[in-house]
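K.L.:
Coordinates for the following, if possible.
(one chain, ligands or ions: 1)
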Amino acid sequence: MRLVERSDALTSFHGCALVPTMGALHEGHASLIRRAAAVPDGRPTVATIFVNPTQFGPREDFAKYPRTLEADLRLAEAAGADAVFLPDVATIYPGGLDTARREADAWTLPAIATEPRLEDAARPGHFGGVCQVVARLFELCKPATAHFGQKDYQQLRVITEMVRCGGGRWGSLRISADPTVREPDGLAMSSRNRYLSAERRDTALGVYRALQMAMSAQRPATAEALMHETLEQHGFEVDYAVVRDAHTLMPVTGLETPCRALVAARLPEVRLIDNMAMPVWR
Ligand code: PAF
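P.N.:
This next block holds a predicted model:
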């Protein structure tokens with residue numbers, strides 16, 4: 001496996017299958033890399049590791065975000081990555097971080113980033129930074145395919161729309177929507193699970209339980225009420241617990257629409273997000 005720090009060394013990896021990450025890799029990332037590497041098209045698989053400052057709000061966890069490079073490289077290699085791109089801030093943002101922050105704030109976002117009033121309402125500016133860094137990684141790595149996990153479902157939809165509306169800016173780039181990987185008890189894998197103490201680890205399962213309650217409901221409104229109840233019983237502060245149109249992420253207007261339950265909820269030390277496809281309600 002090659003370590004690539006300079007973007008000019010990426011030329012031989014153009015046309016790759018790309019797995020963008022912020023490091024602190026876990027089995028969910030390994031699964032993305034394995035899926036990228038499993039496609040028998042001879043394309044190299046490139047994982048990127050860059051903790052992107054512009055997607056964190058001023059009161060968020062940029063400084064304490066886990067950085068575990070040695071273990072990340074071992075995991076990426078074992079999962080089948082041909083290269084890991086480890087850019088520094090100057091490579092991603094040659095105009096400097098202050099300019100980059102201003103540009104992230106001014107980024108033209110697809111409507112799906114803001115109109116559903118979900119992640120963007122709780123984390124203003126977050127998707128500006130995500131689109132900015134992902135666009136830059138696409139520009140530098142020129143991938144044929146990029147893999148994103150369904151765990152960050154709104155992020156996946158935002159990036160898919162950004163590429164669809166990009167007028168071929170990244171060629172015929174295809175976005176692969178890869179399944180969420182869960183612990184045996186159902187907790188979705190996340191780099192931020194490292195913030196959970198052993199005691200809170202059980203509490204965190206409330207998010208998965210809430211989504212399962214939603215699965216058992218007969219109507220979206222009932223599903224939402226059950227999710228709120230379950231999360232509050234586990235001691236969460238709820239940012240949102242909603243059932244939305246799986247494509248637009250807007251409120252569901254009729255039955256027989258593919259729906260997604262989406263949750264963001266906070267414990268004192270961590271904010272968790274998760275989601276699940278709902279059965280088709282008739
Ligand atoms: O999902 C993530 O880890 C990040 O938001 C991403 C897509 C790598 C951009 O920094």
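K.L.:
Not counting stretch 210-228 itself, show me its contacts.
P.N.:
With Cβ atoms under 8 Å, 6 or more residues apart in numbering as the test, stretch 210-228 has contacts from 186, 229-231, 234, 238, 241-243, 252, 259, 261, 263, 265, 274-276, 278-279, 281. (Each C-beta comes from the backbone N, C-alpha and C, glycine too.)
K.L.:
Buried ones among those residues?
P.N.:
230-231, 234, 238, 241-243, 252, 259, 261, 263, 265, 274-276, 278, 281 (16 or more other Cβ atoms under 10 Å).
K.L.:
Spell out which residues of this structure are next to the ligand.
P.N.:
For the chain, the residues in contact with the ligand (Cβ under 6 Å from any ligand atom) are P20, T21, M22, N52, Q55, V130, V133, V134, D152, Q155.
K.L.:
Let's see that with 8 Å instead.
P.N.:
By Cβ under 8 Å from any ligand atom, the residues of the chain that approach the ligand are 20-22, 48, 50-52, 55, 129-130, 133-134, 137, 148-149, 152, 155, 159, 191.
K.L.:
Among those residues, name the ones in helices.
P.N.:
Using DSSP state H, the subset of the residues of the chain next to the ligand located in helices is G129, V130, V133, V134, L137, Q155, I159.
K.L.:
ok, so of the residues you listed, who is nearest A78?
P.N.:
Distance to A78 across those (Cβ to Cβ) is lowest for L137, with 22.5 Å.
K.L.:
correct me, but that closest one touches V19?
P.N.:
No: look at L137 against V19 with Cβ atoms under 8 Å: they stay out of range, at 10.2 Å.
K.L.:
higher neighbour count, the two?
P.N.:
Comparing L137 with V19 by other Cβ atoms under 10 Å, the one with more neighbours is V19, at 33 against 22.
K.L.:
Please name the residues that touch the more buried one.
P.N.:
Residues near V19 by Cβ under 8 Å, 6+ apart: H29, L32, I33, A36, T45, V46, A47, T48, A81, A146, H147.
K.L.:
Redo these as a markdown table? Include pLDDT and secondary structure.
P.N.:
Output for the contacts of V19, formatted as a markdown table (pLDDT from 0 to 100; DSSP: H, G, I helix; E, B strand; the rest coil):
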| residue | pLDDT | secondary structure |
| --- | --- | --- |
| H29 | 98 | helix |
| L32 | 98 | helix |
| I33 | 98 | helix |
| A36 | 98 | helix |
| T45 | 98 | strand |
| V46 | 98 | strand |
| A47 | 98 | strand |
| T48 | 98 | strand |
| A81 | 98 | coil |
| A146 | 98 | strand |
| H147 | 98 | strand |
